[in-house]
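K.L.:
Predicted structure and sequence below. I'll ask about it afterward.
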Amino acid sequence: MEGEPDRASIVSGIDRRVRTSLNEMPGQTRLMAWDDLPDGALAAVETVIEGDPESLILHRDGDAVRAWLNICPHAGRRLDWSPGQFLKSKDGLLVCAAHGASFELSQGACVAGPCKGDRLRPVGVELRDGEVWLGVGDPTRSA
Ligand code: FES
């Protein structure tokens, strides 16, 4: 990784591949069990949205879950260095493994690096019956 690798550490090894049908509607796609996503963790989930394969970043923050497309706004690369293996700075920023852009985890905004001022694309997700589901409605909008 370019950037400042000494300031970041690997924070999660969660990698989920979700089998979905092209006929599934948003809200019917189970992404992962809530208990498999520890507080503060980041996970990569491979799924299908509107017929297209997508990798998602899931982040648990207490009782909340957030999701973004696993696509860096800088050069379109995945943010994890290996599926589900993300870098996190000491101050809690998600660091893109490609060129070191740093993102805060409440809104997905890039606060440092080559795409500063840009943001990750949010994906709507919801917690229901102990599972994280792709959100109802447009799944590429924030929940
Ligand atoms: S692709 Fe360049 S910083 Fe993420």
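P.N.:
Received the coordinates, thanks.
K.L.:
Which SSE is immediately downstream of the host helix or strand of residue 15?
P.N.:
Using DSSP states H and E, residue 15 maps to strand 8-17. With elements assigned by DSSP H and E, the helix or strand that comes after strand 8-17 is strand 30-33.
K.L.:
so where's this structure uncertain?
P.N.:
By pLDDT under 70, the weakly predicted segments of the chain are 1-14, 17-27, 136-143.
K.L.:
which parts of it sit against the ligand?
P.N.:
Counting by C-beta under 6 Å from any ligand atom, the residues of the chain close to the ligand are 72, 74-75, 77, 96, 98-101, 113-114. From N, CA and C alone the C-beta is placed, and that goes for glycine too.
K.L.:
can you rerun that using 5 Å?
P.N.:
Within the chain, the positions near the ligand by C-beta under 5 Å from any ligand atom are 72, 74-75, 77, 96, 98-99, 101.
K.L.:
Can you say which of the residues you listed are buried?
P.N.:
Buried members of these, scored by 16 or more other C-beta atoms under 10 Å, are 72, 74, 96, 98-99, 101.
K.L.:
Using a markdown table, lay out the residues you listed together with secondary structure and distance to residue 39.
P.N.:
Formatted as a markdown table, those follow (DSSP: H, G, I helix; E, B strand; the rest coil; distance: C-beta to C-beta, whole Å):
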| residue | secondary structure | distance to residue 39 |
| --- | --- | --- |
| 72 | coil | 25 |
| 74 | coil | 28 |
| 96 | coil | 23 |
| 98 | coil | 27 |
| 99 | coil | 29 |
| 101 | coil | 24 |
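K.L.:
Which one of the residues you listed is nearest to residue 52?
P.N.:
Among these, residue 72 lies closest to residue 52 (C-beta to C-beta), at 17.7 Å.
K.L.:
what helix or strand does the residue most central in space within the chain sit in?
P.N.:
In the chain, the centroid-proximal residue (C-alpha atoms, centre = their mean) is residue 57; its distance is 1.3 Å. Residue 57 is part of strand 52-61, with elements assigned from DSSP H and E.
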